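**Student:** Show me the folded form of this:
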Amino acid sequence: MRTALINALRSIAESEVLPRYQHVSHDRKADGSLLTEADLATQRALDVALRTLYPCPVLGEEMTSHEQHRLWQHHDRLWCVDPIDGTSNFVHGIPYFGLSVALMEKGRPILGAVYDPIRREAFSARAGQGAWLNDQPLVCQSNPAIPLHHAMAAIDFKRLPATLATRLVVTPPYASQRNFGACTLEWCHLAANRFSLLLHGGQKLWDYAAGALVLEEAGGCCHSLEGHAFWEGQPWTRSVVAANQPLLHQHWYEWLSQPLSKPSWPR
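**Tutor:** Predicted coordinates for the structure are as follows:
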């Protein structure tokens, strides 16, 4: 099923996503985020393809909140889909976006895949069986341990508490920071050791469902910013503290957990 899922994502990306890249108009949803015909067409195509792979409902980002909650409450198994994560990048011609799908069982992903159609990279994982980048096993770096001050971090500042965001800017504990605007790919790039750290103040279910499984199956660690185990609590919005090494994750979380005080700007 993992191979069939990847093949479906590749085929839909070729037929529905790439032909519209840099050639699509857009609207804005109620929350201000962008929506294109490519998002809707991709979600429709995934709905058909995924039901063929495994016959259960498909919960997609572009459904109404009422529909999403109804499916989540009434089905132990369902597909969770982000048809195009990074729609703003897609609309503006920035080549960093992906298709993300996870098969969920009782609130946890058991199969996941994220496909980057620009780089033609398919990240995938099965619960308890490992993770892959295309056909190669994907394993987080474990030795030697990276010190926190040498790490590359993927951080979305706009959803963090203002005091914490300021502290990260003024006294960053890492070597460098990036934010490319596609959560699903950032999870996978962390698993592939392209980043060492990840921090986000609030991801939606479809942002993390597949990517978190890829990271965990590759050997990485994730937690909530509030101190909870990542998969605890309601699913609709979750903060993320993650790293590609257990010891680095511990140091990252300890730094973030220090009491927040208003920092003084360097003179």
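
**Student:** need the contact list for the nearest residue to Ala182 once chain neighbours are set aside.
**Tutor:** Distances taken as Cβ to Cβ, 6 or more residues apart in numbering place Gly86 nearest to Ala182, at 3.2 Å, with adjacent residues excluded. Where you see a C-beta, it was placed from the backbone N, CA and C, and this is true even at glycine. Residues near Gly86 by Cβ atoms under 8 Å, 6 or more residues apart in numbering: Ile94, Tyr96, Phe97, Gly98, Phe180, Gly181, Ala182, Thr184, Leu185.

**Student:** Helices - which of those land there?
**Tutor:** Here DSSP state H is the test, and the contacts of Gly86 give Thr184, Leu185 as lying in helices.

**Student:** Just the buried residues from the contacts of Gly86, in PyMOL please.
**Tutor:** Of those, the buried ones go into a single PyMOL selection, burial set by 16 or more other Cβ atoms under 10 Å:
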select buried, resi 96+97+98+180+181+182+184+185
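
**Student:** wait, Glu62 sits on Asp39?
**Tutor:** Yes: using Cβ atoms under 8 Å, Glu62 makes contact with Asp39 at a distance of 5.6 Å.

**Student:** Of the two, give the one with the bigger neighbour count.
**Tutor:** Counted by other Cβ atoms under 10 Å, Glu62 and Asp39 do not tie: Asp39 has more neighbours, with 27 against 18.

**Student:** rewinding a little: tabulate the contacts of Gly86 in JSON lines, adding columns for distance to Asp135.
**Tutor:** Output for these, formatted as JSON lines (distance: Cβ to Cβ, whole Å):
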{"residue": "Ile94", "distance to Asp135": "28"}
{"residue": "Tyr96", "distance to Asp135": "23"}
{"residue": "Phe97", "distance to Asp135": "23"}
{"residue": "Gly98", "distance to Asp135": "18"}
{"residue": "Phe180", "distance to Asp135": "25"}
{"residue": "Gly181", "distance to Asp135": "28"}
{"residue": "Ala182", "distance to Asp135": "23"}
{"residue": "Thr184", "distance to Asp135": "20"}
{"residue": "Leu185", "distance to Asp135": "19"}
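
**Student:** Output the contacts of Gly86 as a markdown table; include the columns pLDDT and distance to Phe123.
**Tutor:** As requested, the contacts of Gly86 are exported to a markdown table (pLDDT from 0 to 100; distance: Cβ to Cβ, whole Å):
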| residue | pLDDT | distance to Phe123 |
| --- | --- | --- |
| Ile94 | 95 | 19 |
| Tyr96 | 97 | 14 |
| Phe97 | 97 | 14 |
| Gly98 | 98 | 9 |
| Phe180 | 94 | 15 |
| Gly181 | 94 | 17 |
| Ala182 | 97 | 12 |
| Thr184 | 97 | 9 |
| Leu185 | 98 | 8 |
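
**Student:** Could you work out the most separated pair of the contacts of Gly86?
**Tutor:** Of all pairs drawn from the contacts of Gly86, the greatest distance, 15.0 Å, lies between Ile94 and Thr184 (Cβ to Cβ).

**Student:** what separates the spatially most central residue of the chain from Ala154, distance-wise?
**Tutor:** Nearest residue to the geometric centre of the chain (Cα atoms, centre = their mean): Thr184, 2.6 Å. Counting by Cβ to Cβ, to the nearest Å, the gap from Thr184 to Ala154 is 12 Å.
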